[in-house]
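> My questions are about this predicted structure, shown below with the sequence.
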Amino acid sequence: MAGRNSAKRSGDAEEAQRLPGLEPPSDVSVEETHHKGHRQRLYTRFLDGGPDALQDYELLEMILFAVNPRRDVKPLAKALIRDFGDLWSVVNAPPPRLRGYCVGEVSLASDKAVAMLRAVGAAALRGMRQRVMDRPVLANWQSLLDYCTAAMAHQPMEQFRLLFLDRKNKLIADEVQQTGTVDHTPVYPREVVRRALELSASAIILVHNHPSGDPTPSRADVEMTKEILRAAHSLGIAVHDHIIVGKGKHVSFKAQGLL
């Protein structure tokens, strides 16, 4: 009798292993313990050594821990960085491109998962913006370039951004005036000048991106800049520069002698 019961228990265990979704409790415990230990090691390395102690995919893992508390998210983190190009592109990717992204049994299936990634990018960008607002532009030029690059370099469509300055060249407003297509943004000089007058701005900086990644000015870019210069100068508004942002690089009209 005991032999039959023992054989039955053994058979039940084997059947449980064969049934999809069922695993022996001991295996689940080992897997969970492994993931917990891995996560704790990442937390410790991050707190002890700072962000430079972790690779990009490991930082992304830490973000994904919150939305996938029980599964291994390393393959998902590595795949996201590989497919989107870099960490910044992942946390600023359009929600439709992120939603449903899946590696194995781990996915960004929920709004919570997508929002978590986007919130990290939004917080970083807002912090960069706060470092340049209400500060003299010339004394913070590199910070301004870093902010514009972060905000625009990975946008899939062209954007035309206006930076408005007061008499002390402090940045008082940062606005996207127009969003266009992949290679064109309609710009209206009258609207540029009108908005500068509304804000009592003494000067402006023009910024737009080239989604192709190449920041070389086109003939249309040069002509549009000349039109804005004429309209602004007629009302005593200075145009300090026009910056074109590409991927990892930029072009300054002032530096190129185009202003």
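Right, received. Where do you want to start? Residues are numbered from 1 along each chain as shown.

> just how off-centre is stretch 163-172 within its chain?
Taking the mean of its C-alpha atoms, stretch 163-172 sits 26 Å from the chain's own mean (C-alpha atoms, centre = their mean, to the nearest Å).

> Endpoints of that stretch, how far apart?
End-to-end span of stretch 163-172 (C-alpha to C-alpha, to the nearest Å): 8 Å.

> Which secondary structure state does residue 68 sit in?
Three-state assignment for residue 68 (DSSP: H, G, I helix; E, B strand; the rest coil): coil.

> just checking, it touches residue 106?
Yes: look at residue 68 against residue 106 with C-beta atoms under 8 Å: they come within range, at 5.6 Å. Every C-beta, even on glycine, is put in place using the N, C-alpha and C of the backbone.

> who touches both of the two?
The overlap between the contact sets of residue 68 and residue 106 (C-beta atoms under 8 Å, 6 or more residues apart in numbering) consists of residue 76.

> How is the chain divided into domains?
Per the TED database, the structural domains of the chain span 34-126, 134-256.

> Just send those back as CSV, with mean neighbour count and mean pLDDT too.
As requested, the domains of the chain are arranged in CSV below (neighbours: other C-beta atoms under 10 Å; pLDDT from 0 to 100):
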stretch, mean neighbour count, mean pLDDT
domain 34-126, 16, 89
domain 134-256, 17, 90
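
> And residue 216, how far from residue 246?
As judged by C-beta to C-beta, to the nearest Å, residue 216 and residue 246 stand 8 Å apart.

> What of residue 218?
Distance from residue 218 to residue 246, by C-beta to C-beta: 12 Å.

> How about the contacts made by the residue lying closest to residue 73 once chain neighbours are set aside?
Excluding the flanking residues, the one nearest residue 73 by C-beta to C-beta, 6 or more residues apart in numbering is residue 64, at 4.1 Å. Contacts for residue 64 (C-beta under 8 Å, 6+ apart) come out as 73, 76-77, 113, 116.

> so of these, which ones are in helices?
Per DSSP state H, helices hold the following members of the contacts of residue 64: 76-77, 113, 116.
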